[in-house]
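Participant: Below are the sequence and a predicted model; questions follow.
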Amino acid sequence: MTRQDIRIALIEALSSIAPEGDYAALRGDRPLRDQLDIDSFDFLNVVIRVHDKLGVEVPEADYQKLATLDSAIDYLASRLG
Amino acid sequence: MHEFRMPSLGADMEAGTLVEWNMKPGQTVKRGDIVAVVETQKGAVDIEIWEDGVVDRLLVEPGTKVPVGEPIALLRGEGEAAAPPQPAAPAVAVAGPVVAPALPPEKVARAAEVTRVKASPAARRRAADLGVDLSRIEASAADGIVSLADVERAAQQARPPTPGKAAEPDRAAAMRAAVGAAMAKSKREIPHYYLGATIDVTRALSWLEQQNVGRTVAERVLFAAVLIRAAALALAEVPELNGHWTGGRLQIAPAVHLGVGIALRGGGLVAPAIHDAEKKNTVELMRALGDLITRARSGGLRSSELSDATITVTNLGEQGVEEVYGVIYPPQVALVGFGKVLPRPWADGASIAVRQTLRVTLSADHRASVGHRGALYLAALERLLLEPEKLA
């Protein structure tokens, strides 16, 4: 799975939770929470969708690694080996 | 014969627009059945019926805006004779004798299964503004919920762009006005008093962390559910915070229907209730909370959830706010506020340690309770959070 595949899966997961976000203007280095107005419940749902799509179970202790799009792609790429 | 009236879905609702009926004349309905969908300033709401009976007549057609308290349908008891039939709608009943006898219920076809279109409140509003039929719009998201973007796209395809668009009603402004009216009434009529306490939640957080380790992502519990559990249980010690101020006196509620403040995308606010919250464990509360948030944002709250809350909890900690002194939602008599979990220096015996702490506040109605009792409530809440095993 390439970084681009992971990126697409992440954007799909995010846009199903926060469909009204502006994904064209999304900055990879800024917190997703602020840019997309997602709360911890939305975030939990994103983690669930990521698990469904990529098969990666993200432990709570690693949540902070999903804070930005770039860091999330890094993290998931390393988990997918 | 009973009149089924447009329900009040909170102190800030004056009228609702009937979107669709999920029942037909002749149909037998049971208390709690969802019989209609009503569009309010807080989005589309599934309306439950309050008593068993047989639908005699629908008085209002979909698309009609109806003030709270106006009859919208007639019900009769099982075996009760049907009223002379009259055409449904307009809301004003047509006078004059109509001779055709009503069909007995068993002869009348059951209402067709109405499949409700799942759409976000924003999408529903936009579709109404644009005159787009929601049921003809395909949702682009995997969950099948029609989004604002889907509506815009469908509208674009449906008609060529018209120059000089007419001014549209600003629904977001209408919702703010409704919330504002309820809060103004609250501040005008309710003599609020405010208490705050800082609680050490280090143990509660690590307890939850341990609980979550064994859980799959879908089963994980958020700390918010633990706080809700504590808020509901602590009411057992100070029941006068749980109820309604009506007719000049306090009516203490026998069950805790715990309202949860939920922010909607685009600036809206609703506080639907988790029914019987004091009887649910943390896992059940998490499930109820998740379900409530999802439906608040996609349109599908039930009327009882919007009218039954006996106390409200608000949690603004996620936005980094340290404490929130909320405005009581009338006719309720108290509101509990949770702020952000923060590491703070903490006196522990003779030494100072860094602990995870939380500011908890209580806004309460001074007609219904006194500060001393409110203080006991916060103390009970603290005790529960210090012994999180009791919150399982």
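Facilitator: That came in fine, so what should we check first?
Participant: Can you give the distance from stretch B:31-47 to the centre of its chain?
Facilitator: Its chain's average C-alpha position is 11 Å from that of stretch B:31-47, according to CA atoms, centre = their mean, to the nearest Å.
Participant: And that stretch, what's buried?
Facilitator: B:33-47 (16 or more other CB atoms under 10 Å in any protein chain shown). All C-beta spots, glycine's among them, are computed from the backbone N, C-alpha and C.
Participant: now, which of those residues sits nearest chain A?
Facilitator: Ranked by distance to chain A (CB to the nearest CB), those are led by B:Gly43 at 14.0 Å.
Participant: three-state assignment of B:Val60?
Facilitator: Under DSSP: H, G, I helix; E, B strand; the rest coil, the three-state class of B:Val60 is coil.
Participant: Nearest residue to it in space, please, no chain neighbours.
Facilitator: Once flanking residues are discounted, B:Val60 sits nearest to B:Ile72: 4.6 Å by CB to CB, 6 or more residues apart in numbering or on different chains.
Participant: quick one: which helix or strand includes the one you found?
Facilitator: strand B:71-76 (DSSP states H and E).
Participant: Looking at that strand now, give me its mean pLDDT.
Facilitator: Mean per-residue pLDDT for strand B:71-76: 93.
Participant: Grab the nearest non-local neighbour of residue 50.
Facilitator: All of this refers to chain A. Using CB to CB, 6+ apart, the nearest residue to A:Val50 is A:Ala13, at 5.4 Å.
Participant: meant chain B, my bad for not saying
Facilitator: B:Arg31 (6.1 Å).
Participant: in the worst-scoring helix or strand of chain A on mean pLDDT, what counts as buried?
Facilitator: Least confident element among the helices and strands of chain A, by mean pLDDT, DSSP states H and E: helix A:32-36 (a mean of 89). By neighbour count on 16+ other CB under 10 Å, the buried set for helix A:32-36 is A:32-33, A:35-36.
Participant: Which strands or helices does the helix or strand that that helix is followed by pack on?
Facilitator: Where DSSP H and E defines the elements, the next helix or strand beyond helix A:32-36 is helix A:40-54. With contacts taken as 3 or more CB pairs under 8 Å, 6 or more residues apart in numbering or on different chains; DSSP states H and E, helix A:40-54 sits against helix A:3-17, helix A:69-80, helix B:282-298.
Participant: who touches B:Gly349 in this structure?
Facilitator: The neighbourhood of B:Gly349, defined by CB atoms under 8 Å, 6 or more residues apart in numbering or on different chains, contains no residues.
Participant: tally of neighbours for residue 1?
Facilitator: No chain specified, so I'll use chain A. Neighbour count of A:Met1, defined by other CB atoms under 10 Å in any protein chain shown: 12.
Participant: wait, chain B
Facilitator: Neighbour tally, B:Met1, other CB under 10 Å: 13.
Participant: again with B:Ala273
Facilitator: 24.
Participant: Residue in chain A with the shortest distance to chain B?
Facilitator: A:Pro19 (3.9 Å).
Participant: For that residue, what is the enclosing helix or strand?
Facilitator: Using DSSP H and E, A:Pro19 falls outside every helix and strand.
Participant: and the longest strand for chain B?
Facilitator: If you go by DSSP state E, chain B has its longest strand at strand B:351-365.
Participant: For that strand, list the C-alpha coordinates in PDB.
Facilitator: Taking Å, rounded to 0.1, in the frame of the first residue of the first chain, the C-alpha atoms of strand B:351-365 are listed here in PDB:
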ATOM      1  CA  SER B 351       3.900  17.400  49.200                       C
ATOM      2  CA  ILE B 352       3.000  18.700  45.800                       C
ATOM      3  CA  ALA B 353       2.300  16.400  42.900                       C
ATOM      4  CA  VAL B 354       1.200  17.000  39.300                       C
ATOM      5  CA  ARG B 355      -2.300  15.500  38.800                       C
ATOM      6  CA  GLN B 356      -4.700  15.400  35.900                       C
ATOM      7  CA  THR B 357      -7.500  17.600  37.000                       C
ATOM      8  CA  LEU B 358     -10.900  18.800  35.800                       C
ATOM      9  CA  ARG B 359     -13.000  21.800  36.600                       C
ATOM     10  CA  VAL B 360     -16.600  20.800  37.300                       C
ATOM     11  CA  THR B 361     -19.300  23.400  37.700                       C
ATOM     12  CA  LEU B 362     -22.900  23.400  38.600                       C
ATOM     13  CA  SER B 363     -25.400  26.100  37.600                       C
ATOM     14  CA  ALA B 364     -28.600  25.500  39.500                       C
ATOM     15  CA  ASP B 365     -32.000  27.100  40.000                       C
END
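Participant: buried sites along it?
Facilitator: Across strand B:351-365, burial judged by 16+ other CB under 10 Å covers B:355-365.
Participant: Export the residues you listed to a markdown table and append columns for pLDDT.
Facilitator: Formatted as a markdown table, the buried residues of strand B:351-365 follow (pLDDT from 0 to 100):
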| residue | pLDDT |
| --- | --- |
| B:Arg355 | 97 |
| B:Gln356 | 97 |
| B:Thr357 | 97 |
| B:Leu358 | 97 |
| B:Arg359 | 97 |
| B:Val360 | 98 |
| B:Thr361 | 98 |
| B:Leu362 | 98 |
| B:Ser363 | 98 |
| B:Ala364 | 98 |
| B:Asp365 | 98 |
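Participant: I am finished for the moment; much appreciated.
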